[in-house]
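Trainee: Just a sequence and a predicted model for now, questions to come.
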Amino acid sequence: MGFLCGCFEFIPEFDIEEVEGYKPIYVDADFGVELEAPIPFSDQGKIYHYSHYIFVEEVGRGFHIIENTDKTNPNKVGFFQIPLNTNIAVRGNIVYANSGPHLLALKILEDGSIITNKLPNVFNSANTKNIPPVSGNYFECVDEDLGDVIGWELATIKNPKCYY
Amino acid sequence: MLLLKKIKHVFIFTLLIALGVSCGSEGDFQFDDINVSKGGSMSQFYIEQNFLYVIEETTLSIFDIINDTPSIIAKVDIRMQGETIAKLNNTLLIGTTTGVLFYDVSNPEVPEQISEYVHITSCDPVVSDGQYAFITLRSGRNCGVADDVLEIIDISDLKNPVLVSSYSMVSPYGLALMGTNLFVGELYNGMSWFDVSDVTNIVLLKSYSEIMAIDFIVNGSDLTITTKNSLLQMQLTETNELVKLSEMVYAEN
């Protein structure tokens, strides 16, 4: 799948061996849902209240868990890592979260383990993740067999077949 | 690693206490009382009782969440670029880049469009008290070229939403309604607090240039604000003063 959106200004040359460009970072579709220790805020997004917690979205990565029993002294107690996540809602002990094109129902059990139920491919917008963040660059084409794309890194790529 | 495990257990422990409180034996008989999360005005997921409502691009999806694995029960092409979703009684209020859509979801399997309030292209979260809907329209990068305004729409007849009044804003993002108080986040242009008792003549009570507010959650008289820099909690006192409860600065946490 090649994105040639820049072709009105510039026709990219594809007969090149090595070039600086973007390389997709993949996650295994079943990897990555985890309750972790707190991490620093870096790209915070939407906020939610749940019971005596506040959740703060970390765009594309999950959400921060803030214990808020004492509103004058909230405490960051953890991070719920969910790859490609931008929206959540919680009911009872189940966290509903998008993860790329999938809807996950993450049930937190009494022993602290998480049961993941997945409703695959119910959302459309994940495809926008399949192009690099900055246009005007070569990139390594996305191979969907390798999993969902969680991000992009600049790298020396060989014989690129995609440009955006 | 040990610390991580400990923290993890503390969180799970406290979460279970929270869940225990909300889903105890009494709660088992009353689904209405089950604890659900509450988002800000820019949310794209809305959860209530046994249903999860999701707006994503031009699609409204409704999921039945009564079982552990959700099932999709409705998928509707709303023909507009959806941005935010809220619910009032049996009506979904969907903010899109070209207007607000009202959908009746008394039967969630068959959502029916009641009406639409169309305006020029912009970004627009919406909050409502049932009689009036408050919409902020913001121009800018992904939002079209409309003016930046706050619009108040009379929705007492949902079939026929009518514009009541319109006010110039600088760069409105999220908004929150607390009784007759309306808070509007304007990011770099601060936060504005209005008295909206008279919707034809709202009064600016106070502007806070230092609070670069983006979105809000109202809980009784408490206001949780996400700003450019921090998670800010404020409270409206009985003497109608807005006092700061705490501020968690993002860069320091």
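Mentor: Happy to help now that I have it.

Trainee: correct me, but A:Pro160 touches A:Gly21?
Mentor: Yes: assessed by Cβ atoms under 8 Å, A:Pro160 is found in contact with A:Gly21 at 5.6 Å. C-beta here means a position set from N, CA and C on the backbone, and glycine is covered the same way.

Trainee: can you list residues touching both of the two?
Mentor: A:138-140 (Cβ atoms under 8 Å, 6 or more residues apart in numbering or on different chains).

Trainee: List the residues that contact the residue of the stretch 51-200 of chain B found nearest chain A.
Mentor: Proximity of the stretch 51-200 of chain B to chain A (Cβ to the nearest Cβ) peaks at B:Thr69, 4.0 Å away. Residues in contact with B:Thr69 (Cβ under 8 Å, 6+ apart) are A:105, A:117-119.

Trainee: which residues in the stretch 101-250 of chain B form strands?
Mentor: B:112-118, B:126-128, B:132-137, B:149-154, B:162-168, B:175-178, B:181-185, B:191-195, B:203-208, B:213-219, B:222-227, B:230-236, B:242-249 (DSSP state E, counting those that start in this stretch).

Trainee: Redo these as CSV? Include mean pLDDT.
Mentor: Listed next are those as CSV, based on pLDDT from 0 to 100:
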stretch, mean pLDDT
strand B:112-118, 93
strand B:126-128, 92
strand B:132-137, 91
strand B:149-154, 92
strand B:162-168, 93
strand B:175-178, 96
strand B:181-185, 96
strand B:191-195, 97
strand B:203-208, 96
strand B:213-219, 96
strand B:222-227, 98
strand B:230-236, 98
strand B:242-249, 98
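
Trainee: any chance of those strands in a markdown table, plus distance to A:Glu144 and mean neighbour count?
Mentor: Output for these, formatted as a markdown table (distance: least, Cβ to Cβ, whole Å; neighbours: other Cβ atoms under 10 Å in any protein chain shown):
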| stretch | distance to A:Glu144 | mean neighbour count |
| --- | --- | --- |
| strand B:112-118 | 35 | 16 |
| strand B:126-128 | 36 | 24 |
| strand B:132-137 | 38 | 24 |
| strand B:149-154 | 43 | 19 |
| strand B:162-168 | 46 | 13 |
| strand B:175-178 | 39 | 22 |
| strand B:181-185 | 38 | 25 |
| strand B:191-195 | 43 | 22 |
| strand B:203-208 | 47 | 14 |
| strand B:213-219 | 34 | 22 |
| strand B:222-227 | 34 | 24 |
| strand B:230-236 | 37 | 21 |
| strand B:242-249 | 39 | 15 |
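
Trainee: mind putting the ones you listed in CSV, distance to A:Glu13 included?
Mentor: Converted to CSV, the strands of the stretch 101-250 of chain B look like this (distance: least, Cβ to Cβ, whole Å):
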stretch, distance to A:Glu13
strand B:112-118, 46
strand B:126-128, 48
strand B:132-137, 44
strand B:149-154, 48
strand B:162-168, 50
strand B:175-178, 49
strand B:181-185, 46
strand B:191-195, 51
strand B:203-208, 53
strand B:213-219, 43
strand B:222-227, 45
strand B:230-236, 47
strand B:242-249, 48
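
Trainee: I'd like these written out as JSON lines, with distance to chain A added.
Mentor: Listed next are the strands of the stretch 101-250 of chain B as JSON lines, based on distance: least, Cβ to the nearest Cβ, whole Å:
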{"stretch": "strand B:112-118", "distance to chain A": "20"}
{"stretch": "strand B:126-128", "distance to chain A": "15"}
{"stretch": "strand B:132-137", "distance to chain A": "16"}
{"stretch": "strand B:149-154", "distance to chain A": "21"}
{"stretch": "strand B:162-168", "distance to chain A": "25"}
{"stretch": "strand B:175-178", "distance to chain A": "11"}
{"stretch": "strand B:181-185", "distance to chain A": "12"}
{"stretch": "strand B:191-195", "distance to chain A": "15"}
{"stretch": "strand B:203-208", "distance to chain A": "18"}
{"stretch": "strand B:213-219", "distance to chain A": "5"}
{"stretch": "strand B:222-227", "distance to chain A": "5"}
{"stretch": "strand B:230-236", "distance to chain A": "5"}
{"stretch": "strand B:242-249", "distance to chain A": "5"}
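
Trainee: Which of the ones you listed sits closest to A:Ile131?
Mentor: strand B:213-219 (26.2 Å; Cβ to Cβ).

Trainee: so what's A:Asn85 up against?
Mentor: Applying Cβ under 8 Å, 6+ apart to A:Asn85 gives the contacts A:57, A:60-63, A:97-99.

Trainee: could you measure it against B:Glu116, distance?
Mentor: 30 Å (Cβ to Cβ, to the nearest Å).

Trainee: Among the contacts of A:Asn85, find the lowest-pLDDT one for me.
Mentor: Across the contacts of A:Asn85, no position has a lower pLDDT than A:Gly60, which has 86.

Trainee: Pull the number of nearby residues for it.
Mentor: Using other Cβ atoms under 10 Å in any protein chain shown, A:Gly60 is surrounded by 16 other residues.

Trainee: Does the closest residue to it other than its chain neighbours lie in a helix or a strand, and which?
Mentor: Here the nearest residue to A:Gly60 in space, its sequence neighbours aside, is A:Leu84; by Cβ to Cβ, 6 or more residues apart in numbering or on different chains that works out to 5.9 Å. Remark: A:Leu84 resides in no helix or strand, with elements defined by DSSP states H and E.

Trainee: my guess is A:Leu84 contacts A:Leu103, does it?
Mentor: No: contact between A:Leu84 and A:Leu103 fails when scored by Cβ under 8 Å: they sit 11.8 Å apart.

Trainee: how close does B:Tyr250 sit to chain A?
Mentor: B:Tyr250 is 4 Å from chain A, where distance means Cβ to the nearest Cβ, to the nearest Å.

Trainee: now B:Ser43
Mentor: From B:Ser43 over to chain A the distance is 6 Å, taken as Cβ to the nearest Cβ.
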